[in-house]
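**Student:** Mind folding the following:
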Amino acid sequence: MNVVEGNGARIPAIGLGTWELRGRTCARIVEQALRLGYRHIDTAQIYDNEREVGEGLRASGIKRDDVFLTTKVWTTHFMAKDLERSAKESLARLRMAEVDLLLLHWPHPHVPLAETLGALARVKQAGLARHIGVSNFNVALIEEAVAACPEPLACDQVEYHPYLSQADVIEACARHGMAFVAYSPIAKGRVKGDRALARIGDRYRKTAAQVCLRWLVQQNVSAIPRTSKLERLQENLDIFDFELSDEDMREISAIGRAAAR
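**Tutor:** The predicted structure follows:
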């Protein structure tokens, strides 16, 4: 699978988002995704499914080292004295010695960013996470984080799809060697009814969702679509056998610019 690189991290271009997946459904979807060829799984403390993600990974039979696993620290654990403990609790739920990527889930207005990033860096230095990064950070916060963090930041994970332009954030990530990871990449299903995406898809015999994911990957973005349907797992993965033209890319990008006006 294609990868997106960010300060030493090699993040598979398509991953499985697990927000709102719970219980046996979550474990089953993770297991099946890995059996189909996914090698990038995204979870978070606040999703309340880290235990099931770990179960799904073990049930798949795929070697742990072959899977890029991300989890995120919730904002209630951003104080230095809390962050390492919460990271260890995540690892206990996952039943793993380390994660590939540990992110700060959202900015916290009341805890100094330098304090939180210092603690996050120590988690990496202690071997609990191979890479660290942030999520939902705007350009100003990226600049502040890069300046304050003792360790390189691998990525910023942000909502991104054709209806929400993130050009400035993507540029900031590139400037600092960070990867950009897109959550909600098919806009919570909204792209499926988009006539322009469907028309482009007809030319390649692809769905509107596949066109959208391909548009992201061709921007060197990693996308983590979530699905609870087994049949959608393969569809979301089948985007590496075609390439959008420059004209297609411009047309899809124009959707976001129009939505911003």
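**Student:** Residue ranges in this structure under the pLDDT threshold?
**Tutor:** Within the chain, the ranges that satisfy pLDDT under 70 run 257-261.
**Student:** Helix, strand, or coil at Phe242?
**Tutor:** Secondary structure state of Phe242, per DSSP: H, G, I helix; E, B strand; the rest coil, is coil.
**Student:** Residue most distant from the centroid, the protein?
**Tutor:** Arg203 (28.5 Å; Cα atoms, centre = their mean).
**Student:** thinking Leu94 is in contact with Arg64, fair?
**Tutor:** No. Applying Cβ atoms under 8 Å, one finds Leu94 not in contact with Arg64, separated by 10.1 Å. Every C-beta, even on glycine, is put in place using the N, C-alpha and C of the backbone.
**Student:** Pick out whichever of these two has more residues nearby.
**Tutor:** Neighbour count, other Cβ atoms under 10 Å: between Leu94 and Arg64, Leu94 has more, with 21 against 13.
**Student:** would you list every one of the helices in this structure?
**Tutor:** Counting by DSSP state H, one finds helices in the chain at the ranges 23-36, 50-60, 80-94, 113-125, 139-148, 167-175, 195-204, 208-217, 230-237, 246-260.
**Student:** roughly how far apart are Leu120 and Arg22?
**Tutor:** As for Leu120, its distance to Arg22 is 27 Å (criterion: Cβ to Cβ, to the nearest Å).
**Student:** More neighbours: the two, which one.
**Tutor:** Leu120 (28 against 13).
**Student:** May I have the beta-bridge partners of the residue nearest to the more buried one when sequence neighbours are not counted?
**Tutor:** Once flanking residues are discounted, Leu120 sits nearest to Ile132: 5.0 Å by Cβ to Cβ, 6 or more residues apart in numbering. Ile132 has these beta-bridge partners by DSSP bridges: Leu102, Leu153.
**Student:** count of neighbours near Ile132?
**Tutor:** 28.
**Student:** just checking, it touches Leu103?
**Tutor:** Yes. Assessed by Cβ under 8 Å, Ile132 is found in contact with Leu103 at 7.3 Å.
**Student:** what's the spacing between the residue nearest to the spatial centre of the chain and Arg58?
**Tutor:** The chain has Val181 as the residue nearest its centroid, 4.5 Å off, counting by Cα atoms, centre = their mean. Distance of Val181 to Arg58, given as Cβ to Cβ: 24 Å.
**Student:** cool, Ala97 as well?
**Tutor:** From Ala97 to Arg58 the distance is 13 Å (Cβ to Cβ).
**Student:** neighbour count winner among those two?
**Tutor:** Remark: of Ala97 and Arg58, Arg58 carries more neighbours, 16 against 9, as counted by other Cβ under 10 Å.
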